[in-house]
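Engineer: coords below, sequence missing:
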């Protein structure tokens with residue numbers, strides 16, 4: 001793989017001129033609007049997907065980015081108003097399980113709303129939840145064995161690295177109270193030490209997959225799982241001050257994981273459900289692809305990743321994502337809730353896939369030509 005970037009540059013020289021991009025703001029904006037509007041008009045009404053669920057938290061994060069773009073460009077407050085309505089009818093509360101990472105994820109968009117509107121009620125509930133967790137972590141759950149229910153109080157699965165750590169990073173950015181940063185650093189590194197495979201430079205979903213093999217004999221690394229981690233790292237890096245010493249760990253991990261994942265993009269532009277055995281799961285998968293494109297685009301925009309090397313990857317990835325959008329705006333090929341590679345079909349959609357799509361589009365919009 002050491003010659004990957006040279007090969008990529010030669011292979012895609014017809015798509016990208018050094019330092020330039022084929023992305024067009026008008027095209028990106030048009031498809032994002034269709035996707036966002038379809039999702040708002042077709043809310044997920046399943047009982048388990050309540051307003052404060054992690055699935056919707058990921059959607060809101062994409063909608064926050066889209067709301068900022070549309071208000072800044074057009075003065076359109078429609079999407080901010082939609083987010084505010086959700087927050088206010090839930091009094092900006094967190095989910096029901098006190099320690100579980102999934103139930104604090106909604107704190108991320110609520111903190112972002114607080115940063116814009118400066119209403120204390122928007123941040124008080126997430127701060128109260130975070131304070132309780134930091135100050136009352138049960139010592140009985142020190143092991144990170146995902147097979148044991150009690151370990152769900154900690155970040156014992158890689159998805160959790162998207163759900164919870166950015167909350168603590170954002171709270172630290174707001175308050176400069178080191179208890180949030182120290183907690184995040186300790187818990188994140190515990191998960192990293194357990195689930196990051198330093199030979200493959202990829203994250204296992206949880207301990208149940210360590211030692212397992214795909215049909216082709218390769219290790220089991222889930223596409224969306226690693227997308228979750230990359231997306232979470234981007235959010236952490238956005239929140240941490242530039243001079244914070246512990247930022248170095250997250251930045252180096254981001255570059256390592258981003259570089260490895262970029263090597264695993266399939267010829268069709270997608271990252272499939274299984275990163276090392278895509279042939280066993282040949283259908284497109286847009287939630288993994290969305291989070292990965294988002295993170296890689298963020299890395300290019302922040303000069304953490306080489307623009308010339310990564311632009312061809314981003315162009316293929318965005319084309320793949322937009323190919324999965326129906327004329328009415330429905331995003332397809334989103335793998336349902338799970339923990340491992342599974343079959344995906346075009347009719348499948350989920351709100352977190354839409355969130356990832358909007359996050360990716362907003363980052364690409366920043367680098368697009370007029």
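Structural biologist: That came through fine. All values derive from a computational prediction rather than experimental measurement.

Engineer: which outside residues touch whichever helix or strand residue 166 is part of?
Structural biologist: Following DSSP states H and E, one finds residue 166 within helix 165-175. Outside helix 165-175, the residues that touch it by CB atoms under 8 Å, 6 or more residues apart in numbering are 104-105, 107-108, 111-112, 114-115, 123, 126-127, 130, 155, 177-178, 180-181, 183-184, 187-188, 232, 235-236, 239-241. In short, each C-beta sits where N, CA and C put it, glycine included.

Engineer: Separate out the buried members of these.
Structural biologist: Buried by 16 or more other CB atoms under 10 Å: 104-105, 107-108, 111-112, 114, 123, 126-127, 130, 155, 180-181, 183-184, 187-188, 232, 235-236, 239-240, out of these.

Engineer: Report the distance from the longest helix along the chain to the chain centre.
Structural biologist: Longest helix of the chain, by residue count under DSSP state H: helix 54-74. Relative to its chain's centre, helix 54-74 lies at 13 Å (CA atoms, centre = their mean, to the nearest Å).

Engineer: From residue 69, how far off is residue 79?
Structural biologist: Taking CB to CB, to the nearest Å as the measure, residue 79 falls 9 Å from residue 69.

Engineer: Could you check the pLDDT of the residue positioned nearest the centre of the chain?
Structural biologist: Compute the mean C-alpha point of the chain, and by CA atoms, centre = their mean the closest residue is residue 231, 3.2 Å away. Looking at residue 231, its pLDDT is 98.

Engineer: Could you say which helix or strand holds the nearest residue to it once chain neighbours are set aside?
Structural biologist: With CB to CB, 6 or more residues apart in numbering as the criterion, residue 231 has its nearest non-adjacent residue at 4.1 Å, and that residue is residue 291. Assessed by DSSP H and E, residue 291 sits inside helix 286-301.

Engineer: any idea of the mean pLDDT in the next helix or strand after that helix?
Structural biologist: As assigned by DSSP H and E, the chain's next helix or strand after helix 286-301 is helix 307-323. What helix 307-323 shows for mean pLDDT is 97.

Engineer: quick one, phi/psi of residue 274?
Structural biologist: With angles defined as degrees, to the nearest 10, residue 274 sits at phi -110, psi 120.

Engineer: thought it was touching residue 219?
Structural biologist: No - here residue 274 does not reach residue 219: they are 9.8 Å apart, not a contact under CB atoms under 8 Å.

Engineer: Those two: which is more packed in?
Structural biologist: The neighbour count for residue 274 versus residue 219, taken as other CB atoms under 10 Å, is higher for residue 274 (26 against 19).

Engineer: Can you give me the distance of the more buried one to residue 289?
Structural biologist: With CB to CB as the criterion, residue 274 and residue 289 are 13 Å apart.

Engineer: Then residue 273?
Structural biologist: Applying CB to CB to residue 273 and residue 289 gives a distance of 11 Å.

Engineer: and if you look at residue 59?
Structural biologist: Where residue 289 is concerned, residue 59 sits at a distance of 16 Å (CB to CB).

Engineer: Between those two, which is the more surrounded one?
Structural biologist: It is residue 289, of residue 59 and residue 289, that has more neighbours when counted by other CB under 10 Å, with 32 against 29.

Engineer: Can you tell me how far the more buried one is from residue 275?
Structural biologist: 12 Å.

Engineer: Quickly list what's touching both of those two.
Structural biologist: residue 223.

Engineer: residues shared between the contacts of residue 273 and residue 289?
Structural biologist: residue 223.

Engineer: Now do the same for the residue nearest to residue 367 when sequence neighbours are not counted: helix, strand or coil?
Structural biologist: Distances taken as CB to CB, 6+ apart put residue 21 closest to residue 367, at 5.5 Å, once the chain neighbours are dropped. Assigned state for residue 21: coil (three-state reduction, DSSP: H, G, I helix; E, B strand; the rest coil).

Engineer: any idea how far residue 21 is from residue 318?
Structural biologist: Residue 21 is 10 Å from residue 318, by CB to CB.

Engineer: For burial, what's the neighbour tally of residue 247?
Structural biologist: For residue 247, the tally of surrounding residues (other CB under 10 Å) stands at 17.

Engineer: Quick one: residues contacting the nearest residue to it once chain neighbours are set aside.
Structural biologist: In this structure, residue 247 finds its nearest non-sequential neighbour in residue 240, 4.6 Å apart by CB to CB, 6+ apart. Neighbouring residues of residue 240 by CB under 8 Å, 6+ apart: 169, 172, 173, 181, 246, 247, 250.
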